[in-house]
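Undergrad: With the sequence up front, the predicted model follows.
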Amino acid sequence: MDFGLSPEQQMLRDAVDRLLREHCPLDHVRKVAAGGNNVSAAVVAAMAELGLPGIVVPEEHGGLGLGLLDAAVVAEALGAAVAPAPFMASAVLAPLALRLAGSPAQQAHWLPRIADGSARVGVGLTEAVNRRDGGGVEAGGGTLRGTALFVLDSADADAFIIADQRGRMHLVAGDAERLERVSLSTIDLTRSVGELRLDGVAAEPLGDDDGGTARRLVAAGRVLLAADSVGAGDAMIAQAVGYAGEREQFGRVIGSFQAVKHMCAEMAARLEPCRSLVWYAAHAFDAVPDEALLMACHAKSHTGEAGRFVARTATEVHGGMGFTDLLGLHYWFKRIGFDRQVLGGPEIVRAEAAALQGWGKRAAGNREQQA
């Protein structure tokens, strides 16, 4: 059995790589991050020309009609370039929500606009994963009250898809009355993240009675975050290897020292298996739905741990220079850190994986018996 990207997916990856090399060099990332908006208009426009906002939008609504694996290929490239551009929520999670649970009218109104890049939809799923103090959204009477934290792709969003405390999804207009939008600062200055304060804000419920859409969206988001981390980690390894081949110490390039060789080899050995795990998780989302939630948990938790190791070790290979802004390694370091925690850190996600397999309940029963 062959397991790898199709020729079309390889062409997609190459096209996105070329786009990012041209429109998203590190100097541009620095400029956007310093500007405070976390979104590059130039990169957004270039992605729209390639049709990436409509990557999972059905063809009948003007999109490319591709699957989550294709979106994961794009996410990996964006992570490698630390691209300051909305993608995960606005181009993937929002269209998926509308496809899975949107009414025909909602789909007809939003999907074509998402596909051509004329509309951006932020997505808030924190309440479907783990509610924090000060957060939580309650629905009732066609309105929402509460606070939605860590809403993704929130900058300049025309609408939002928000999960309430029961996991049901709601569509909220970006200019709705009694909606307060607050920009959040995170460690990752290449991502747009916001907070929504809702005081009886009018909302359209999506057609989802049991929270199934929210669970599917969380799984898709976890796969994309894992893919992004793989791309960012790959870029950090390449930079560490390149630096080790140039930096001299004691009259030798540091890459000739056995300890440095081991550091670089271990980074590659830790990260490379994550790529196939992410690919399969993305494939399972569309082709093997019974495995989708569990595989997304595995991909997110394992890649979160491997990514952290790569980020730390690649920085160590650079020595003191690795902590400076001159090399810019911190953009990838912080991107990996963001990917690790959003939609659940490894501990939370592993607990979900155990529960999906019945282990959590058995473990709890064993503890009770031992007590």
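TA: Sure, I can see it. All values reported here derive from a predicted model rather than from experimental measurement.

Undergrad: Please name every helix or strand in contact with whichever strand or helix holds residue 330.
TA: According to DSSP states H and E, residue 330 maps onto helix 329-341. Applying 3 or more CB pairs under 8 Å, 6 or more residues apart in numbering; DSSP states H and E, one finds that helix 329-341 contacts helix 26-35, helix 212-244, helix 289-317. Backbone N, C-alpha and C define where each C-beta goes, glycine included.

Undergrad: Pipe these into a markdown table and attach distance to residue 276 and mean pLDDT per row.
TA: What follows is the helices and strands packed on helix 329-341, written out as a markdown table (distance: least, CB to CB, whole Å; pLDDT from 0 to 100):
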| stretch | distance to residue 276 | mean pLDDT |
| --- | --- | --- |
| helix 26-35 | 28 | 93 |
| helix 212-244 | 10 | 96 |
| helix 289-317 | 10 | 96 |
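
Undergrad: Of these, which stretch is the most buried?
TA: Stretch with highest mean neighbour count among these: helix 212-244 (a mean of 25; mean count of other CB atoms under 10 Å).

Undergrad: for it, the distance to its chain's centre please.
TA: Centre-to-centre, helix 212-244 and its host chain are 7 Å apart (CA atoms, centre = their mean, to the nearest Å).

Undergrad: go on, stretch 248-257?
TA: Centre-to-centre, stretch 248-257 and its host chain are 38 Å apart (CA atoms, centre = their mean).

Undergrad: Give me the distance between the two termini of it.
TA: Length of stretch 248-257, first residue to last, CA to CA, to the nearest Å: 11 Å.

Undergrad: Which residues does that stretch contact?
TA: For stretch 248-257, contacts defined as CB atoms under 8 Å, 6 or more residues apart in numbering pick out 241, 244, 245, 246, 247, 260, 261, 264, 317.

Undergrad: at 7 Å what do you get?
TA: Stretch 248-257 has contacts (CB atoms under 7 Å, 6 or more residues apart in numbering) with 244, 245, 246, 247, 260, 261.

Undergrad: Mind checking which of those residues are buried?
TA: Among the contacts of stretch 248-257, those scoring as buried are 244, 247, 260 (criterion: 16 or more other CB atoms under 10 Å).

Undergrad: hmm, which two among the contacts of stretch 248-257 are most spread apart?
TA: 246 and 261 (15.0 Å; CB to CB).

Undergrad: Give me the neighbour count for the closest residue to residue 246 other than its chain neighbours.
TA: Nearest non-adjacent residue to residue 246, counting by CB to CB, 6 or more residues apart in numbering: residue 253, 6.6 Å away. By the criterion of other CB atoms under 10 Å, residue 253 has 14 neighbours.

Undergrad: tell me which residues form a beta bridge with residue 253?
TA: Beta-bridge pairing of residue 253 under DSSP bridges involves residue 248.

Undergrad: From residue 257, how far out is the residue of the chain most remote from its centre?
TA: Here the chain reaches farthest from its C-alpha mean at residue 251, the gap being 42.9 Å by CA atoms, centre = their mean. Using CB to CB, to the nearest Å, residue 251 is found at 12 Å from residue 257.

Undergrad: And residue 17, by the same measure?
TA: Using CB to CB, residue 17 is found at 32 Å from residue 257.

Undergrad: Spit out the contact partners of residue 36.
TA: By CB under 7 Å, 6+ apart, no residues touch residue 36.

Undergrad: So what's the gap between stretch 145-154 and the chain middle?
TA: 15 Å.

Undergrad: Kindly report the same for stretch 210-226.
TA: That offset, for stretch 210-226, works out to 11 Å (CA atoms, centre = their mean).

Undergrad: Quick one: low-confidence residue ranges for the chain.
TA: Applying pLDDT under 70 to the chain flags the ranges 1-2, 134, 209, 360-371.

Undergrad: Which stretches in it count as helices?
TA: Using DSSP state H, the helices of the chain run over 7-23, 26-35, 41-49, 68-80, 94-101, 104-115, 212-244, 258-287, 289-317, 329-341, 346-356, 359-370.

Undergrad: would you turn those helices into CSV with distance to residue 56?
TA: CSV is the format used below for the helices of the chain (distance: least, CB to CB, whole Å):
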stretch, distance to residue 56
helix 7-23, 13
helix 26-35, 25
helix 41-49, 14
helix 68-80, 6
helix 94-101, 5
helix 104-115, 9
helix 212-244, 9
helix 258-287, 10
helix 289-317, 15
helix 329-341, 20
helix 346-356, 23
helix 359-370, 32
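
Undergrad: Go through the ones you listed and name the closest to residue 125.
TA: helix 212-244 (5.6 Å).

Undergrad: circling back to that earlier point, list just the one of the helices and strands packed on helix 329-341 that sits closest to residue 76.
TA: Counting by CB to CB, and looking across all of the helices and strands packed on helix 329-341, nearest comes helix 212-244 at 3.8 Å.
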